[in-house]
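Novice: Predicted structure and sequence below. I'll ask about it afterward.
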Amino acid sequence: MFPDVEQPVPSAIRQAGPRRLAITWSDGGSDEFDVRSLRLACGCAHCVDEWTGEGRLDPASVPDDVHPLAIRPVGRYAIQIDWSDGHTSGIYPFERLRQLGRESDGA
Ligand SMILES: [Zn+2]
């Protein structure tokens, strides 16, 4: 109904380096993520307690060289990442990626 207020969606997702994932957004913005930070930011039920919101993922259990094996779109609101540590249930809503991108911008 109001297409001009839709959430921006990724227009391009690419590996920007061995440890970096870059997303270009449909509104012209772009974000770059450290892939391991992205893995640790997983919000799925395995990694975050659904009731308390507490993190269940032990960062020590995530290999330093963890990286995406496959990235798939989920509907029009998220991407799903298959990780090299065998974790495949992580879904990253665009809104969360934008938020993580803002946080990693620092100051
Ligand atoms: Zn997860």
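Specialist: Now that the structure is in, tell me what you want to look at. Residues are numbered from 1 along each chain as shown.
Novice: what does the protein put close to the ion?
Specialist: Residues of the chain found near the ion (CB under 5 Å from the ion) are 42, 44, 46-47, 90. Quick note: C-beta positions are derived from backbone N, CA and C, even for glycine.
Novice: quick one: buried residues of the top helix by length along the chain?
Specialist: When the chain is parsed with DSSP state H, its longest helix is helix 94-104. For helix 94-104, the buried set under the neighbour-count rule, 16 or more other CB atoms under 10 Å, comprises 94, 97-98, 100-101.
Novice: Just send those back as TSV, with distance to residue 12 and pLDDT too.
Specialist: Shown next, in TSV, are the buried residues of helix 94-104 (distance: CB to CB, whole Å; pLDDT from 0 to 100):
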residue	distance to residue 12	pLDDT
94	13	95
97	13	96
98	15	94
100	17	93
101	14	92
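Novice: Just give me the closest of the residues you listed to residue 17.
Specialist: Nearest to residue 17 among these, counting by CB to CB, is residue 101 at 16.2 Å.
Novice: for that closest one, what are its contacts?
Specialist: Counting by CB atoms under 8 Å, 6 or more residues apart in numbering, residue 101 touches 23, 31-33.
Novice: ok, now residue 68?
Specialist: Counting by CB under 8 Å, 6+ apart, residue 68 has contacts 15, 21, 35, 81-84.
Novice: bridging residues for it?
Specialist: residue 83 (DSSP bridges).
Novice: Quick check: which element contains the nearest residue to residue 10 once chain neighbours are set aside?
Specialist: Nearest residue to residue 10 in three dimensions, chain neighbours excluded: residue 23, at 4.9 Å (CB to CB, 6 or more residues apart in numbering). Assigned by DSSP states H and E, residue 23 belongs to strand 20-25.
Novice: Mind listing the strands the helix or strand following that strand pairs with, and their directions?
Specialist: Next in sequence after strand 20-25, counting helices and strands by DSSP H and E, comes strand 30-34. Within its sheet, strand 30-34 is paired with strand 20-25 (antiparallel), according to DSSP bridges.
Novice: For the strand it pairs with, which residues meet the burial criterion?
Specialist: Result for strand 20-25 [16+ other CB under 10 Å]: buried residues 21, 23, 25.
Novice: Perfect, that will be all.
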